[in-house]
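**Q** Quick one, fold the following:
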Amino acid sequence: MKRQRATVIVEVDGKILLVENRGGLILLPGGGINPQESGRHAAARELSEETSLIADSLQFLFSHESQTNWHHVFHASASGTPLAGDDAAALQYFDQDDPTLSGRMSAATREILERFLGNRRESDCLCYGSRC
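**A** As a prediction, this is how the structure comes out:
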């Protein structure tokens, strides 16, 4: 059985906030869902522990199966000043127009971001009536 993981996408100044672990691997904020804990609660807890941000709202986006985890992916609106904590050694900011961090990201993080950004592009096309 794969580990259940709450994974959070939060945007700060138009960029997606990422955490860098002590080994240099770049991930979306998140972590294991404890027994008797909801995915939403785990997402809020992990976001706070790793980035010092407080989730004002969390919207479930989708589930994603990676090689080792079953990700419950949430989009967060958050307040506070981002600061690395817990098992996050540093924070990074992903801008889709500057993919230099992609090579240091976990495969799951890349896949989740591709899906999130692809869904956003599709949504923008539907909202504005343009063709993709």
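**Q** D95 contacts K15, doesn't it?
**A** Yes: counting by CB atoms under 8 Å, D95 does reach K15; the two are 4.9 Å apart. From N, CA and C alone the C-beta is placed, and that goes for glycine too.
**Q** Can you show me the strands along the protein?
**A** 3-12, 15-21, 26-27, 30-32, 54-65, 69-79, 88-94 (DSSP state E).
**Q** Including mean pLDDT and mean neighbour count, could the ones you listed go into a markdown table?
**A** Putting the strands of the chain into a markdown table (pLDDT from 0 to 100; neighbours: other CB atoms under 10 Å) gives the following:
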| stretch | mean pLDDT | mean neighbour count |
| --- | --- | --- |
| strand 3-12 | 96 | 20 |
| strand 15-21 | 96 | 20 |
| strand 26-27 | 96 | 21 |
| strand 30-32 | 96 | 21 |
| strand 54-65 | 97 | 14 |
| strand 69-79 | 97 | 19 |
| strand 88-94 | 95 | 17 |
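**Q** nearest to F116, of those?
**A** strand 3-12 (5.7 Å; CB to CB).
**Q** gap between that closest one and the chain center?
**A** 4 Å (CA atoms, centre = their mean, to the nearest Å).
**Q** again, but for stretch 39-51
**A** 11 Å.
**Q** Likewise for stretch 27-40?
**A** Using CA atoms, centre = their mean, the offset of stretch 27-40 from its chain centre is 12 Å.
**Q** Residues contacting it, please?
**A** Contact partners of stretch 27-40, identified using CB atoms under 8 Å, 6 or more residues apart in numbering, comprise 3-10, 16-21, 42-43, 45-47, 49-51, 58, 60, 71-74, 87-88, 105-106, 108-109, 112-113.
**Q** Equivalent analysis for stretch 10-17, please.
**A** 9, 28-29, 47, 51, 53, 55, 75-78, 82, 91-95, 113.
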